[in-house]
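Colleague: curious how this folds, go ahead:
(one chain, ligands or ions: 2)
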Amino acid sequence: MGIQITPSILNADLSRLADEVARIPSADWVHVDVMDNHFVPNLTLGLPVIEALGKHASQPLDAHLMIEDPDRWAPAYAEVCGSVTFHVEAAKAPVRLAREIRAQGARASMALKPATPIEPYEALLPELDMVLIMTVEPGFGGQKFLDLCLPKIRTARELMRKHGVETWLQVDGGVSLETIERCAEAGADVFVAGSAVYSADDPDAMVEALRAKAEQAQD
Ligand code: DX5
Ligand code: ZN
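Modeller: Numbering: from 1, shown residues only. Ligands and ions are numbered 1, 2, ... in the order given. Coordinates of the predicted model:
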């Protein structure tokens with residue numbers, strides 16, 4: 001797979017979700033941020049809304065679960081989303097959870113907050129279809145990109161090469177025309193962008209502009 005752009009609807013007009021998703025036909029996935037007011041200090045949406053949105057979106061859904069007890073809740077999301085990301089800081093049994101997500105036919109993905117290192121989870125890579133490196137503290141859109149996460153993106157890519165796995169490497173938080181090249185150079189290939197896309201006059205043109213910048217940086 002080449003570069004993929006997965007706009008986050010967190011900063012879209014949440015009262016018109018289907019219309020907002022229709023504005024980004026060039027997106028590869030639609031990133032939906034599930035927050036429970038416990039794992040992060042914010043509350044967004046859950047399974048019923050995601051199920052409803054799935055009927056209107058032409059792209060598969062990329063669920064990012066910022067919730068406590070993903071071991072209990074994530075498998076249900078895997079029934080309606082193409083990819084399900086759980087936070088390793090919240091998971092009790094990440095290997096079992098990744099296997100349950102895959103058993104539902106979805107891609108299994110593990111997210112790391114900025115202070116969580118990748119090295120302790122190296123052995124899990126073959127169990128995962130994607131690793132999400134957060135480049136802000138999870139919880140809100142529109143935050144400033146944290147450059148301190150770049151070395152971890154590089155390390156994650158090196159570990160994936162070492163293990164010979166095809167795991168995708170996603171970044172989420174503060175990704176924009178200004179920061180996407182740094183992420184792509186470090187080895188990321190899947191890019192979440194929330195405010196950059198939905199604050200643009202033409203969100204779909206922004207998706208294409210972000211893709212072009214990332215592709216340039218990868219060359
Ligand atoms: C933040 C969410 C992100 C958020 C990104 O916790 O996980 O997906 O929507 O928004 P921006 O791109 O504005 O940082
Ligand atoms: Zn997210």
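Colleague: helix/strand/coil for the closest residue to ligand 2 within the chain?
Modeller: Minimum separation of the chain from ligand 2 (C-beta to the ion) falls at H64, amounting to 3.7 Å. No exception for glycine: its C-beta is placed from N, CA and C like everyone else's. What DSSP: H, G, I helix; E, B strand; the rest coil gives for H64 is strand.
Colleague: that one is in contact with H31, isn't it?
Modeller: Yes: H64 lies in contact with H31 (C-beta atoms under 8 Å); the separation is 6.1 Å.
Colleague: spit out the residues that contact the two alike.
Modeller: Here H64 and H31 have 8, 172, 192 as joint contacts, going by C-beta atoms under 8 Å, 6 or more residues apart in numbering.
Colleague: okay, those residues in JSON lines with neighbour count, distance to ligand 2 and pLDDT next?
Modeller: Below are the shared contacts of H64 and H31 laid out as JSON lines (neighbours: other C-beta atoms under 10 Å; distance: C-beta to the ion, whole Å; pLDDT from 0 to 100):
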{"residue": "S8", "neighbour count": "23", "distance to ligand 2": "5", "pLDDT": "98"}
{"residue": "D172", "neighbour count": "26", "distance to ligand 2": "4", "pLDDT": "98"}
{"residue": "V192", "neighbour count": "29", "distance to ligand 2": "5", "pLDDT": "98"}
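Colleague: and the chain, which of its residues are near ligand 1?
Modeller: 8, 10-11, 31, 33, 64, 136, 138-143, 172-175, 192-196 (C-beta under 6 Å from any ligand atom).
Colleague: ok, and the closest non-adjacent residue to S8?
Modeller: G194 (3.6 Å; C-beta to C-beta, 6 or more residues apart in numbering).
Colleague: of the residues of the chain next to ligand 1, which belong to helices?
Modeller: Among the residues of the chain next to ligand 1, the members falling in helices (DSSP state H) are 195-196.
Colleague: in this structure, what residue comes closest to ligand 1?
Modeller: At 2.8 Å from ligand 1, G194 is the closest residue in the chain, using C-beta to the nearest ligand atom.
Colleague: and for that residue, the neighbour number?
Modeller: 25 (other C-beta atoms under 10 Å).
Colleague: surely it meets N11?
Modeller: Yes: using C-beta under 8 Å, G194 is in contact with N11, at 4.6 Å.
Colleague: list the residues that contact both of the two?
Modeller: With C-beta under 8 Å, 6+ apart, G194 and N11 have common neighbours 141-142.
Colleague: looking at this, I133 is in a strand?
Modeller: Yes: according to three-state DSSP, I133 belongs to a strand.
Colleague: show the contacting residues for it.
Modeller: Going by C-beta under 8 Å, 6+ apart, the list of residues near I133 reads 111-112, 118, 149, 152-153, 156, 169-172, 188.
Colleague: repeat that for R107.
Modeller: By C-beta under 8 Å, 6+ apart, the contact list for R107 reads 82-84, 101, 129-130.
Colleague: now list the buried members of these.
Modeller: Neighbour-count burial within the contacts of R107 applies to 82-84, 101, 129-130; the criterion is 16 or more other C-beta atoms under 10 Å.
Colleague: turn these into JSON lines, including distance to ligand 2 and pLDDT.
Modeller: Formatted as JSON lines, those follow (distance: C-beta to the ion, whole Å; pLDDT from 0 to 100):
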{"residue": "G82", "distance to ligand 2": "15", "pLDDT": "98"}
{"residue": "S83", "distance to ligand 2": "12", "pLDDT": "99"}
{"residue": "V84", "distance to ligand 2": "12", "pLDDT": "99"}
{"residue": "I101", "distance to ligand 2": "17", "pLDDT": "98"}
{"residue": "D129", "distance to ligand 2": "16", "pLDDT": "98"}
{"residue": "M130", "distance to ligand 2": "12", "pLDDT": "98"}
